[in-house]
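**Student:** Provided below for reference: sequence and predicted model.
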Amino acid sequence: MLDSGEMYASFRQYIADTNKADVGLYRLEKARNRGNWIEIDGTVGPVNQLGAFDHLNGTAGAHLVYSRFGERGWFFSPAPK
């Protein structure tokens with residue numbers, strides 16, 4: 001959760017029929033008593049793609065802290081709107 005109260009999460013979806021998986025970053029969109037996870041453009045794709053989004057590790061103020069597949073370290077970016 002960001003300082004603003006916005007919530008983000010990373011999800012992996014495994015598809016048994018194809019034995020493949022996708023990973024991506026999502027933002028919780030709240031409306032009345034319901035919430036929907038909205039895909040963040042450019043983050044959803046096959047698992048294990050070099051340099052692609054891999055995992056949301058946390059937040060720091062208004063920034064998301066995440067990792068990229070095959071790269072060392074964590075990355076800090078302002079949260080997308």
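**Tutor:** Everything's here; your move.

**Student:** Now do the helix or strand hosting Tyr26: which elements does it pack against?
**Tutor:** Using DSSP states H and E, Tyr26 sits in strand 20-31. In this structure, strand 20-31 packs against strand 8-15, strand 34-39, strand 45-46, strand 53-60, with contacts taken as 3 or more CB pairs under 8 Å, 6 or more residues apart in numbering; DSSP states H and E. Backbone N, C-alpha and C define where each C-beta goes, glycine included.

**Student:** Most tightly packed of the ones you listed?
**Tutor:** Mean neighbours per residue, mean count of other CB atoms under 10 Å, is largest over the helices and strands packed on strand 20-31 for strand 53-60, with a mean of 16.

**Student:** Residues in contact with that one: which ones?
**Tutor:** With CB atoms under 8 Å, 6 or more residues apart in numbering as the contact definition, strand 53-60 has outside contacts at 1-3, 8-10, 23-25, 43-45, 64-69, 74, 76, 79.

**Student:** Next SSE downstream of that strand?
**Tutor:** According to DSSP H and E, the helix or strand after strand 53-60 is strand 63-68.

**Student:** what lines up beside the least confident helix or strand in the chain by mean pLDDT in the sheet?
**Tutor:** Using mean pLDDT, DSSP states H and E, the weakest-scoring helix or strand in the chain turns out to be strand 45-46, at a mean of 90. Using DSSP bridges, strand 45-46 pairs in its sheet with strand 20-31 (antiparallel).

**Student:** now the partner strand: how far from the chain's centre is it?
**Tutor:** What separates the centre of strand 20-31 from the centre of its chain is 6 Å, taken as CA atoms, centre = their mean, to the nearest Å.

**Student:** Could I get the buried residue list for that strand?
**Tutor:** Val23, Gly24, Leu25, Tyr26, Arg27 (16 or more other CB atoms under 10 Å).

**Student:** so that strand versus strand 63-68, what angle?
**Tutor:** Orientation check (axes from the mean of the first three to the mean of the last three CA atoms, to 10 degrees): strand 20-31 against strand 63-68 gives 170 degrees.

**Student:** send the alpha carbons of strand 20-31 over as CSV?
**Tutor:** Written as CSV, here are the backbone C-alpha positions of strand 20-31 (Å, rounded to 0.1, in the frame of the first residue of the first chain):
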residue,chain,number,x,y,z
LYS,A,20,2.8,-21.9,-18.9
ALA,A,21,2.4,-18.9,-16.6
ASP,A,22,1.9,-15.2,-16.8
VAL,A,23,3.0,-12.6,-14.3
GLY,A,24,1.9,-8.9,-13.9
LEU,A,25,1.3,-5.9,-11.8
TYR,A,26,-2.2,-4.9,-10.8
ARG,A,27,-3.9,-2.0,-9.0
LEU,A,28,-6.9,-2.3,-6.8
GLU,A,29,-9.8,-0.2,-8.1
LYS,A,30,-12.4,0.4,-5.5
ALA,A,31,-16.0,1.3,-6.2
